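**Q** give me coordinates for this.
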Amino acid sequence: MFTGLVEEVGRVERVERRAGSLRLVVAAERVIEGTRVGDSLAVSGACLTVTRVWGGKFEVDVVEETVRRTNLIRMRTGSRVNLERSLKLGDRLGGHLVLGHVDGLATVVSVDGSAAGQGRLRARAPAGLEGLIVEKGSVALDGVSLTVADVRADAFSVALIPHTLQATTLGRAAAGDGLNLEVDVLARYVARQLGREGEAGGIGEEWLRMEGYA
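**A** As a prediction, this is how the structure comes out:
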C-alpha cells in the first residue's frame, strides 16, 4: 500500500530483458534507507519486490503481467523512475490509497504550462477504464497521486503544481507518452458491485511487438 507521494526520482542503472520479463537495477538514495530484501517499493507506480540492495542501488524483477500493463517495458539505462516506499500503519495519508497495481497505460494528449510554473496534463485512459475516472476523484499516474480536474468524453485532465513538476518524472511528460495509470481502488470496488467494470487496458500488442515480446 502506498500514498502516491513520490519520495525521490531514481535512475535505472541496468535493464536485463528475459523471456517476457525484466530485471531492473535502480540507483536511489532515500528509499534505500531501511529497505531490505523482500520489501515493496513503488517504481513509477508499480509495486515491486526488492530482491537485492547494495551500494546505493536496488534490484527488482518485473513479471510478464506487469510488463504487459506498464511502461516499464520501455526502461533503458538512464531512465528516470518515481520511487516510494510502502506505507506504514500510522503514517500520514497525504495522497490517496494507492495499491501499486497498475491498470493500464494512459496516453498523454497534451501538457500545458503557465507563467506560474504550474501545468495541466490531459490524458486518454485505456478502453474500459474511462468510467472509473471522475471529476474531483483521485488517480495515480506513474505513481503520483493526483486529483482529476475534469473529465470529457475522450480524456481527463489533472493539474500539476510546481513541486510535482520538479520532484517527479511528470515534469518531463510529453504528448504521446504512456503513463502508468491506477484508478481509485474505491471506484473499482463500487463499479464491481454495480457490475459495470470494464476490461482493464494493457500495453497493447503493438508495443509488445516493438519490444520483441510478441
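**Q** list the contacts of the residue nearest to the spatial centre of the chain.
**A** Ranked by distance to the mean C-alpha position of the chain (CA atoms, centre = their mean), the top residue is D142 at 2.4 Å. Counting by CB atoms under 8 Å, 6 or more residues apart in numbering, D142 makes contact with S44, G45, N71, N82, T168, T169, L170, L179, N180. In this view, the C-beta of every residue, glycine as well, is placed from N, C-alpha and C.
**Q** let me know the average pLDDT across stretch 95-105.
**A** Mean pLDDT, stretch 95-105: 90.
**Q** any low-confidence regions in this protein?
**A** 114-116, 195-214 (pLDDT under 70).
**Q** just the buried residues of the longest helix seen in it, please?
**A** Across the chain, the longest stretch assigned as helix under DSSP state H is helix 185-194. Neighbour-count burial for helix 185-194 flags V185, A187, R188, A191 (criterion: 16 or more other CB atoms under 10 Å).
**Q** now it, how far from the centre of its chain.
**A** 20 Å (CA atoms, centre = their mean, to the nearest Å).
**Q** ok, back up a step: which of the buried residues of helix 185-194 lies closest to V50?
**A** Nearest to V50 among these, counting by CB to CB, is V185 at 23.0 Å.
**Q** what's the neighbour count on K57?
**A** 16 (other CB atoms under 10 Å).
**Q** could you find the closest non-adjacent residue to it?
**A** Once flanking residues are discounted, K57 sits nearest to A27: 5.2 Å by CB to CB, 6 or more residues apart in numbering.
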